[in-house]
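A.B. asks: starting from these lines, generate the structure:
(chains A, B, C and D)
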Number of protein chains: 2
Amino acid sequence: MDDKYAGLKLGNQLCFPLYACSREIVKKYKPYLDELDLTYTQYITMLVLWEQGQINVKELGECLYLDSGTLTPLLKKLEMKGWVTRQRAKEDERVLIVTLTKEGKKLRDKAAEVPAKMSCCVKLTPEESRTLYTLLYKMLGDA
Amino acid sequence: MDDKYAGLKLGNQLCFPLYACSREIVKKYKPYLDELDLTYTQYITMLVLWEQGQINVKELGECLYLDSGTLTPLLKKLEMKGWVTRQRAKEDERVLIVTLTKEGKKLRDKAAEVPAKMSCCVKLTPEESRTLYTLLYKMLGDA
DNA sequence: TAAAACAAAATTGCACACAATACAATTGCC
DNA sequence: GGCAATTGTATTGTGTGCAATTTTGTTTTA
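C.D. replies: A predicted model of the protein is given here:
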């Protein structure tokens, strides 16, 4: 009878726990990131910059699955805080290059404690975490 | 040398693919939900209402992991579209009861096709989907 | 080489999320 | 009954997230 609507049950949706989990995790980061004066999105942006030092907006967007509409205001805020600079590429003035500043590099030391603090919140075994990680990247890969 | 910062690598973060996947999936829903004149958040709200017919805001928030700051404007929009009514409980005027209308019920038939359309987008085997589902709920359970 | 096609960012506008705050109704305690 | 604490929503302000459009610059081609 109700089979027609079985697919519409919240409990049968894979998307829902994904969506809810994502928001719950970001919420858990908040107290630690507040200490660094970073939002979650700013944090993952800084992760890329700490690894690469310098990157243009297009590539940054590809790394983070974010577009310029999200990144432009975010990067301007990071620039105002003095952690990055934004300048046009000499070779091609359309390209905007984001570079980590000395101050931005310093922030990395404070941030280094965050992952350990967060890992306490995730109640999965290391193996479960790996499995989850693999499955998520498999989904993302086809995106 | 760089071990100190190993935890900060984007590739070592579980939160990141979770966050990215969540947004990518919501994005894939968009064209189908546009046809129903629903946003993703409105859609999962309707999922609950299609199952329950009636629910108060507090319980709805617990189901969806959303608070009143998100739900209040969202429910007002659903009310304006004529799919739900909002009225205070007689027993306790603080409680707001959201009820599906006849029009809202009709929408369920159109929505019934969405899950099948979406399942094509998820390139996981049924077993992988179940594993992912279980792991996500395990994380959520501790949230 | 001038115009068209293309590309990268920025801008704009709408829709969430959510913390913080406000507010109104209710409950508990004396 | 009176009043403080609690509870359930609503409001406000900030920060995304993204589609659509515009601006600016580059490349292609007629």
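A.B. asks: show me what counts as buried in the helix-or-strand element of chain A with minimal mean pLDDT.
C.D. replies: Within chain A, no helix or strand scores below helix A:114-119, which has a mean of 89 by mean pLDDT, DSSP states H and E. Neighbour-count burial for helix A:114-119 flags A:Val114, A:Pro115, A:Met118 (criterion: 16 or more other Cβ atoms under 10 Å in any protein chain shown). Just so you know, the C-beta spots here come from the backbone N, C-alpha and C atoms, and that holds for glycine as well.
A.B. asks: leaving out sequence neighbours, find the closest residue to the first one.
C.D. replies: Here the nearest residue to A:Val114 in space, its sequence neighbours aside, is A:Tyr32; by Cβ to Cβ, 6 or more residues apart in numbering or on different chains that works out to 5.0 Å.
A.B. asks: near DNA strand C, which residues of chain A? Just list them.
C.D. replies: Taking Cβ under 7 Å from any atom of the strand, the part of chain A that reaches DNA strand C is made up of A:19, A:23-24, A:26-27, A:30, A:56-58, A:61, A:68-69, A:71-73, A:75, A:86, A:94-96.
A.B. asks: before we move on, back to that, just give the number of residues close to the residue nearest to A:Val114.
C.D. replies: 18 (other Cβ atoms under 10 Å in any protein chain shown).
A.B. asks: please tell me I have it right and it contacts A:Ser119.
C.D. replies: No: the criterion here is Cβ atoms under 8 Å, and A:Tyr32 misses it with A:Ser119 at 11.6 Å.
A.B. asks: scan chain A for its longest helix.
C.D. replies: Using DSSP state H, we find that the single longest helix of chain A is helix A:15-36.
A.B. asks: other SSEs contacting the helix or strand just after that helix?
C.D. replies: Per DSSP states H and E, helix A:15-36 leads on to helix A:40-52 as the next helix or strand towards the C-terminus. Counting contacts by 3 or more Cβ pairs under 8 Å, 6 or more residues apart in numbering or on different chains; DSSP states H and E, helix A:40-52 packs against helix A:15-36, helix A:57-64, helix A:68-80, strand A:96-100, helix A:102-111, helix B:15-36.
A.B. asks: can you list the ones you listed in TSV and add mean pLDDT?
C.D. replies: As requested, the helices and strands packed on helix A:40-52 are arranged in TSV below (pLDDT from 0 to 100):
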stretch	mean pLDDT
helix A:15-36	93
helix A:57-64	94
helix A:68-80	93
strand A:96-100	95
helix A:102-111	94
helix B:15-36	93
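A.B. asks: rebuild the ones you listed as a markdown table, extending it with distance to DNA strand D.
C.D. replies: Formatted as a markdown table, the helices and strands packed on helix A:40-52 follow (distance: least, Cβ to the nearest atom of the strand, whole Å):
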| stretch | distance to DNA strand D |
| --- | --- |
| helix A:15-36 | 7 |
| helix A:57-64 | 8 |
| helix A:68-80 | 3 |
| strand A:96-100 | 11 |
| helix A:102-111 | 15 |
| helix B:15-36 | 4 |
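A.B. asks: and A:Thr134, which of these is closest to it?
C.D. replies: When these are compared by Cβ to Cβ, helix B:15-36 sits nearest A:Thr134, at 9.4 Å.
A.B. asks: now do the contacts for A:Lys81.
C.D. replies: Applying Cβ atoms under 8 Å, 6 or more residues apart in numbering or on different chains to A:Lys81 gives the contacts A:Asp37.
A.B. asks: for the closest residue to A:Asp37 other than its chain neighbours, give me phi and psi.
C.D. replies: Excluding the flanking residues, the one nearest A:Asp37 by Cβ to Cβ, 6+ apart is A:Lys81, at 6.8 Å. Main-chain dihedrals, A:Lys81, degrees, to the nearest 10: phi -80, psi -10.
A.B. asks: A:Thr85 contacts A:Lys102, correct?
C.D. replies: No: using Cβ under 8 Å, A:Thr85 is not in contact with A:Lys102, being 10.6 Å away.
A.B. asks: which one of the two has more residues nearby?
C.D. replies: Set A:Thr85 next to A:Lys102 and count neighbours by other Cβ under 10 Å: A:Thr85 wins out with 15 against 8.
A.B. asks: what's the pLDDT at that one?
C.D. replies: Looking at A:Thr85, its pLDDT stands at 95.
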